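**Q** structure for the following, please:
(one chain, ligands or ions: 1)
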Amino acid sequence: MGNPAGRSEARSEIRSVIDKYGFTFKKGLGQNFLTDDAVLEKVASAGESRCVVEIGPGFGVLTRELARKYEKVVSVEIDDRLIPILEETLCDFDNVKIIHGDCMKLDFAGIIKEEFGDKTVSVAANLPYYITTPIIAMLLEKKLPLKNITVMVQKEVAERICASPGGKEYGAVSVMCGYYTKPEIMAKVPASAFIPPPKVDSAVLNLRVLDEPAVKTNDERMFFRVVKAAFAQRRKTLLNALYNGGFGTEKSVIEDILTRLDINPSARGETLGLVEFAAVSDEFCKIIGKR
Ligand code: SAM
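**A** Below you'll find the model as predicted:
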């Protein structure tokens, strides 16, 4: 991606805000600001709803693109130094609401209800990388009325989320995202597209939220407990990983469940797809859940 002529409206704007406010980036808040106009456009255009929530607006460069395209934008920013800057950079838009707070501590269900009523919402963000997975998990587990989530994340995280069973990239985060969404990498983005450049390359990830989870399970909590246990000790066999997973049952019971489901107890957790995890989880519910 990128502008062949090397010009970027976002880059010059970011530089001028840095100069004007003497802004210094906080590494601990994942402040790597996106400067590539084409990528900003791509993230801003991916929303499938008319309403959008943004996490971490920074100087408001993506927010502005969103404000041009959507009915209403609600943006959550943790850094109090950015609030007066955002008030200035977004002053031309009356369809943007900035909320000062930590996205991990806010009541998103309440905010969405209050700001958007019964409408569905898209999420767009250049995420702070130190909490990428917790943010995605929080958005999905809360079962918010989301259509899709389009986010810039570290390239390796995007690849893990989109990975299929069998490979070393496949893990609990792939299962979680595959359970709730249809994930897709929309673009790879080099570190040079950010100020300051992060140490890693990035990717734009789109998670299209499914109307129903990809597989049926009798107990979602048990499903995710099983998934967590299966991947907690990746080098161990599935049997040992589940046995060490704190379910409080004998190894022979777990072995019996796996054998009955035609799953090799000596296989690794990473070979199981969503359907197999759901089947194991349902059997665990029947036998272990009663105790
Ligand atoms: N949206 C801007 C862009 O695209 O250039 C900035 C993205 S920057 C990668 C991440 C932003 O998230 C920063 O503005 C940072 O202050 C903010 N942030 C970090 N942790 C946050 C949190 N827990 N809740 C809300 N915002 C957070």
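**Q** can you pull the pLDDT of the residue of the chain found nearest the ligand?
**A** Residue of the chain nearest the ligand, by CB to the nearest ligand atom: G56 (2.1 Å). C-beta coordinates here come from the backbone N, C-alpha and C atoms, glycine included. You'll see G56 listed with a pLDDT of 98.
**Q** repeat for K286
**A** Reading off the model, K286 has pLDDT 89.
**Q** remind me which helix or strand it belongs to.
**A** helix 274-287 (DSSP states H and E).
**Q** which strands and helices sit next to that helix?
**A** helix 172-180, helix 220-232, helix 251-260 (3 or more CB pairs under 8 Å, 6 or more residues apart in numbering; DSSP states H and E).
**Q** from the chain's centre, how far out does the last one sit?
**A** Relative to the chain's own centre, helix 251-260 is displaced by 34 Å; criterion: CA atoms, centre = their mean, to the nearest Å.
**Q** could you give me the average pLDDT of that helix?
**A** Helix 251-260 comes out at a mean pLDDT of 96.
**Q** what's the answer for the longest one, then?
**A** Mean pLDDT, computed over helix 220-232, is 96.
**Q** ranges for the strands of the protein?
**A** Remark: strands assigned in the chain by DSSP state E are 33-34, 51-55, 72-77, 96-100, 121-126, 146-154, 181-189, 194-195, 202-209.
**Q** neighbours of D92, how many?
**A** 8 (other CB atoms under 10 Å).
**Q** sorry, wrong one. I was asking about K142.
**A** 12.
**Q** residue contacts, it?
**A** K142 sits next to 108-109 when contact means CB atoms under 8 Å, 6 or more residues apart in numbering.
**Q** for the ligand, what are the nearby residues on the protein?
**A** 29-34, 55-58, 61-62, 76-79, 82, 102-104, 126, 128, 131 (CB under 6 Å from any ligand atom).
**Q** out of the residues you listed, which end up buried?
**A** With burial judged by 16 or more other CB atoms under 10 Å, the buried subset of the residues of the chain next to the ligand is 29-34, 55-58, 61-62, 76-79, 82, 103, 126, 128, 131.
**Q** buried deepest among the helices and strands packed on helix 274-287, which one?
**A** Most buried of those by mean neighbour count (mean count of other CB atoms under 10 Å) is helix 172-180; its value is a mean of 22.
**Q** contacts only, for the residue in the chain sticking out farthest from the centre.
**A** In the chain, the greatest distance from the average C-alpha position (CA atoms, centre = their mean) is reached by S252, at 37.3 Å. Shown in contact with S252 (CB under 8 Å, 6+ apart): no residues.
**Q** if I look at it, how far off is E169?
**A** Per CB to CB, to the nearest Å, S252 is found 33 Å from E169.
**Q** do Q31 as well
**A** Distance from Q31 to E169, by CB to CB: 27 Å.
**Q** how about stretch 74-94: buried residues?
**A** For stretch 74-94, by 16+ other CB under 10 Å, it's 74-79, 82, 85-86, 89-90.
**Q** so what's A187 closest to, chain neighbours aside?
**A** V204 (4.5 Å; CB to CB, 6 or more residues apart in numbering).
**Q** the one you found: what's it in contact with?
**A** By CB under 8 Å, 6+ apart, the contact set of V204 is 39, 42-43, 46, 150-152, 158, 185-187, 189.
**Q** now a ChimeraX select for only the buried ones of these.
**A** Applying 16+ other CB under 10 Å to the contacts of V204, the buried members can be selected in ChimeraX as follows:
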select :39,42,43,46,150,151,152,158,186,187,189
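**Q** before we move on, back to that, distance to Y243 added to the strands of the chain, as CSV?
**A** Output for the strands of the chain, formatted as CSV (distance: least, CB to CB, whole Å):
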stretch, distance to Y243
strand 33-34, 45
strand 51-55, 38
strand 72-77, 41
strand 96-100, 45
strand 121-126, 38
strand 146-154, 33
strand 181-189, 31
strand 194-195, 44
strand 202-209, 33
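**Q** need the residues that contact stretch 107-117.
**A** 51, 53, 72, 74, 97, 99, 121, 138-139, 142, 144-145.
**Q** and these as JSON lines, adding distance to T181?
**A** Output for the contacts of stretch 107-117, formatted as JSON lines (distance: CB to CB, whole Å):
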{"residue": "C51", "distance to T181": "18"}
{"residue": "V53", "distance to T181": "16"}
{"residue": "K72", "distance to T181": "23"}
{"residue": "V74", "distance to T181": "21"}
{"residue": "K97", "distance to T181": "26"}
{"residue": "I99", "distance to T181": "24"}
{"residue": "V121", "distance to T181": "14"}
{"residue": "M138", "distance to T181": "14"}
{"residue": "L139", "distance to T181": "10"}
{"residue": "K142", "distance to T181": "14"}
{"residue": "L144", "distance to T181": "12"}
{"residue": "P145", "distance to T181": "14"}
